[in-house]
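Novice: My questions concern the predicted model and sequence given below.
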Amino acid sequence: MGYQNNLFVFDIETVPDTSAGRKILGLDDSLGDDEVAQALFKLRREQNGSDFLAHPLHRIVGISCVLRNQEKVKVWSLGEVDSSESELIKRFYAGIEKFTPTLISWNGSGFDLPVIHYRSLLHGIPGACYWESGEDNQQFRWNNYLNRYHERHTDLMDVLAGFQARAYAPLDQMATLCGFPGKMGMSGSHVWDEFQKGNIEGIRNYCETDVLNTYLLYLRYQLIRGKLSLEQYEMDCTNLRVELETADKSHLHEFLHHWKPS
């Protein structure tokens, strides 16, 4: 038992793409970004009763990750605070190219990856390893990142719900029930407000706590599958605790403080 592949847990944070909004709504540059965003929200509510924008209208402002391999576990956010969206996506694809990891997400199939797809298309960013489905590499024929039922990308929310949308559970709820910290600092609904304040660092920190919750739930998932022994599970938790203790980031120390003993 244990890990045969690198694990790459990821989560994205997004804001309304106001440039695209101006094009779609035919608005001029005299309107501020928040006015454009509010117009997009209003249109969306009229269309389907929710102000959650269509996937192509989400601009990525943060991608956070936990990388787990045989040697170490590491949590960080891709790029820098001032990195462009295209740079974040390039780094995401580069990580896949370098490590060929098992991607782990919570609702990645329903949100994160479709947004990355659309934004990659918008910027013209290639990611050959990610898009491989077996034409050039036969190892990807029966296990690739694109197929919903393959494990090379494991959408933990989707799998645990038995691929039934009516059984989906929120990350925060499941993390809290399992004794993990859950949401800390903010929620997705506050990201736009924080972005307008220029608090990109706070958004990245929040995203990092989300991927930590997802990673811990994945370890528990591997335990109940019999892929990890109890000893290995506890060792992985200990290794993460050590990493958080030695990190020079207050939000990671706070996460550790709220992580209840299992």
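Specialist: That came in fine, so what should we check first? Numbering: from 1, shown residues only.
Novice: Low-confidence regions, the protein specifically.
Specialist: Where the chain drops to pLDDT under 70, the residues are 1-4, 262.
Novice: mind listing the strands for it?
Specialist: In the chain, the strands defined using DSSP state E lie at 7-16, 58-68, 73-77, 102-105, 153-155.
Novice: what's the burial count for the closest residue to Glu132 other than its chain neighbours?
Specialist: Excluding the flanking residues, the one nearest Glu132 by CB to CB, 6 or more residues apart in numbering is Phe140, at 4.5 Å. No exception for glycine: its C-beta is placed from N, CA and C like everyone else's. Counted by other CB atoms under 10 Å, the residues lying close to Phe140 total 20.
Novice: please renumber so the chain begins at 48
Specialist: I'll keep to 48 as the first residue from here, and by that count the last item is Phe187.
Novice: For Phe187, give me its contacts.
Specialist: Glu179, Ser180, Gly181, Arg199 (CB atoms under 8 Å, 6 or more residues apart in numbering).
Novice: possible to save the strands of the chain as CSV with mean neighbour count and distance to Tyr165?
Specialist: Converted to CSV, the strands of the chain look like this (neighbours: other CB atoms under 10 Å; distance: least, CB to CB, whole Å):
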stretch, mean neighbour count, distance to Tyr165
strand 54-63, 25, 11
strand 105-115, 23, 8
strand 120-124, 18, 21
strand 149-152, 24, 16
strand 200-202, 22, 17
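Novice: okay if I get those as a markdown table plus distance to Glu241?
Specialist: Below are the strands of the chain laid out as a markdown table (distance: least, CB to CB, whole Å):
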| stretch | distance to Glu241 |
| --- | --- |
| strand 54-63 | 9 |
| strand 105-115 | 10 |
| strand 120-124 | 14 |
| strand 149-152 | 22 |
| strand 200-202 | 26 |
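Novice: Among those strands, which comes closest to Cys254?
Specialist: Taking CB to CB, strand 105-115 is the member of those nearest to Cys254, at 3.8 Å.
Novice: gap between the closest one and the chain center?
Specialist: Centre-to-centre, strand 105-115 and its host chain are 5 Å apart (CA atoms, centre = their mean, to the nearest Å).
Novice: Repeat that for stretch 156-175.
Specialist: Relative to its parent chain, stretch 156-175 has a centroid offset of 13 Å by CA atoms, centre = their mean.
Novice: what does stretch 196-207 give?
Specialist: Worked out by CA atoms, centre = their mean, stretch 196-207 lies 13 Å from the chain centre.
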